[in-house]
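Novice: My questions are about this predicted structure, shown below with the sequence.
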Amino acid sequence: MTLQAAQTQPADSSKALYGGKGTRRITVQDIAAAKARGEKWPMLTAYDAMTASVFDEAGIPVMLVGDSMGNCHLGYDTTVPVTMDEMTLLSAAVVRGTKRALIVGDLPFGSYQEGPVQALRSATRLVKDAGVGAVKLEGGERSLPQTELLVQAGIPVMSHLGLTPQSVNTMGYRVQGRSDEAAHRLLRDAKAAQDAGAFAVVLELVPAELAAEVTRSLHIPTIGIGAGPDTDAQVLVWTDMAGLTGGKVPRFTKQYANLRQTLGDAARAFADDVVGGAFPAEEHTFH
Ligand SMILES: Nc1nc(=O)c2c([nH]1)NC[C@@H]1CN(c3ccc(C(=O)N[C@@H](CCC(=O)O)C(=O)O)cc3)CN21
Ligand SMILES: CC(C)C(=O)C(=O)O
Ligand SMILES: [Mg+2]
């Protein structure tokens with residue numbers, strides 16, 4: 001179906017990325033078709049099979065095994081120390097825990113910056129050993145040779161622009177693309193990623209107006225995080241979304257649950273029962 005034809009078709013909710021009826025694994029072609037239909041879709045991070053299965057059953061169509069596992073799951077301060085071994089292990093778990101979602105593996109810091117050959121080696125490992133359907137890497141023009149080689153090799157690439165946390169030591173965690181020059185650079189980066197064959201672009205912590213302009217200018221979907229309401233998709237770190245992350249969370253996060261409170265309450269109730277002798281009761285006991 002041509003792009004033009006897709007836009008004039010009536011909405012077919014059975015095909016929708018979220019709320020659709022399909023049970024087979026979602027592909028990057030399905031993602032492209034959603035943009036042609038003008039459909040918005042959600043993405044969450046996931047770092048383990050059990051949580052990923054909950055999101056899969058909830059219909060989340062795309063999950064990112066983010067290098068945010070560094071601070072969310074592995075106890076590092078930033079994403080910078082995350083290794084290929086850690087990424088491969090947790091990506092494989094998320095793939096095993098899901099049936100429908102497209103699983104995207106984040107290439108960790110140091111696994112692709114040396115050049116396209118290193119990037120291909122790292123991405124190939126995530127595809128073959130973990131079973132991911134796509135990989136993500138940070139940077140537009142600076143990561144072009146990597147994106148081109150991966151796409152040529154048959155590995156779908158998601159690009160990540162704006163705040164790129166692997167560069168925290170040079171850029172900090174500030175909003176990006178505020179000056180005219182920085183906004184033009186971001187637009188150039190987004191077009192370069194698209195031309196190199198990326199199937200989607202994450203826009204992190206950029207002004208909403210700029211994210212809207214990038215979204216209008218590209219034929220591939222944009223996925224916003226702290227980028228306002230006018231991107232094709234939205235992504236959040238799942239532990240932020242569910243209120244499990246300890247300490248400060250970015251202002252762009254919305255908390256849809258308070259798992260930190262719920263889980264702490266459960267742990268305290270268990271502990272109180274053990275100390276008070278209420279657990280185990282007769283029904284938990286064998287004779
Ligand atoms: N738990 C978690 N959530 C995330 O969204 C996330 C991670 N970890 N780790 C990797 C990156 C790092 N991210 C971050 C980290 C800090 C800010 C932050 O402090 N932002 C300021 C705004 C700064 C400004 O106004 O320029 C804020 O107050 O939200 C934002 C994104 C997003 N990613
Ligand atoms: C925040 C998303 C886009 C990410 O890169 C991550 O979770 O690592
Ligand atoms: Mg990341």
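Specialist: Received, thanks. Ligands and ions are numbered 1, 2, ... in the order given.
Novice: What is the subsequent helix or strand relative to the one helix or strand in the chain whose mean pLDDT sits lowest?
Specialist: Scoring the helices and strands of the chain by mean pLDDT, DSSP states H and E places helix 3-8 at the bottom, with a mean of 48. The helix or strand immediately downstream of helix 3-8 is helix 28-37, counting by DSSP states H and E.
Novice: Following element in sequence after that following helix, please.
Specialist: Downstream of helix 28-37, the first helix or strand assigned by DSSP H and E is strand 41-45.
Novice: helices and strands around that following strand, which ones?
Specialist: Applying 3 or more C-beta pairs under 8 Å, 6 or more residues apart in numbering; DSSP states H and E, one finds that strand 41-45 contacts strand 62-65, strand 233-236, helix 238-241. Placement of C-beta: from N, CA and C, glycine included.
Novice: Give me the mean pLDDT for that strand.
Specialist: For strand 41-45, mean pLDDT rounds to 98.
Novice: Next: stretch 146-159.
Specialist: Average pLDDT, stretch 146-159: 98.
Novice: Kindly provide the distance from Val104 to ligand 3.
Specialist: 10 Å (C-beta to the ion, to the nearest Å).
Novice: hmm, the helix or strand where that residue lies in reach of ligand 1?
Specialist: Here Val104, judged by DSSP H and E, is contained in strand 102-106. No - using C-beta under 6 Å from any ligand atom, strand 102-106 never reaches ligand 1; the gap is at least 9.7 Å.
Novice: Figure out how far that strand is from the centre of its chain.
Specialist: Counting by C-alpha atoms, centre = their mean, to the nearest Å, strand 102-106 is centred 7 Å from the centre of its parent chain.
Novice: Equivalent analysis for stretch 126-140, please.
Specialist: Using C-alpha atoms, centre = their mean, the offset of stretch 126-140 from its chain centre is 11 Å.
Novice: can you pull the buried residues of it?
Specialist: Of the residues in stretch 126-140, Leu126, Val127, Ala130, Val132, Gly133, Ala134, Val135, Lys136, Leu137, Glu138, Gly139, Gly140 count as buried by neighbour count, 16 or more other C-beta atoms under 10 Å.
Novice: what two of the residues you listed are the furthest from one another?
Specialist: The largest separation in those, counting by C-beta to C-beta, is between Ala130 and Gly140 at 25.3 Å.
Novice: Check the gap between the residue in the stretch 1-150 of the chain that ligand 1 sits nearest to and Gln234 for me.
Specialist: Closest to ligand 1 within the stretch 1-150 of the chain is Ser68: 3.9 Å, counting by C-beta to the nearest ligand atom. Distance of Ser68 to Gln234, given as C-beta to C-beta, to the nearest Å: 15 Å.
Novice: anything in stretch 136-155 sitting right up against ligand 1?
Specialist: No - residues of stretch 136-155 are not located near ligand 1 by C-beta under 6 Å from any ligand atom, the shortest gap being 10.5 Å.
Novice: Whether that stretch contacts ligand 3 - can you check?
Specialist: No - on the criterion C-beta under 5 Å from the ion, stretch 136-155 is out of touch with ligand 3, staying 6.8 Å away.
Novice: Establish whether that stretch and ligand 2 are in contact.
Specialist: No - judged by C-beta under 6 Å from any ligand atom, stretch 136-155 makes no contact with ligand 2; its nearest approach is 6.5 Å.
Novice: next one: stretch 112-130
Specialist: No - shown here: stretch 112-130 not in contact with ligand 2 (C-beta under 6 Å from any ligand atom), separated by at least 13.7 Å.
Novice: can you list the residues that contact that stretch?
Specialist: For stretch 112-130, contacts defined as C-beta atoms under 8 Å, 6 or more residues apart in numbering pick out 65, 84, 87-89, 91-92, 95, 105, 107, 111, 132, 135, 137, 143, 145-146, 148-150, 153, 155, 157.
Novice: Could you confirm Cys230 falls within a strand?
Specialist: Slight slip there: residue 230 is Asp, not Cys. No - read with DSSP: H, G, I helix; E, B strand; the rest coil, Asp230 is coil and lies in no strand.
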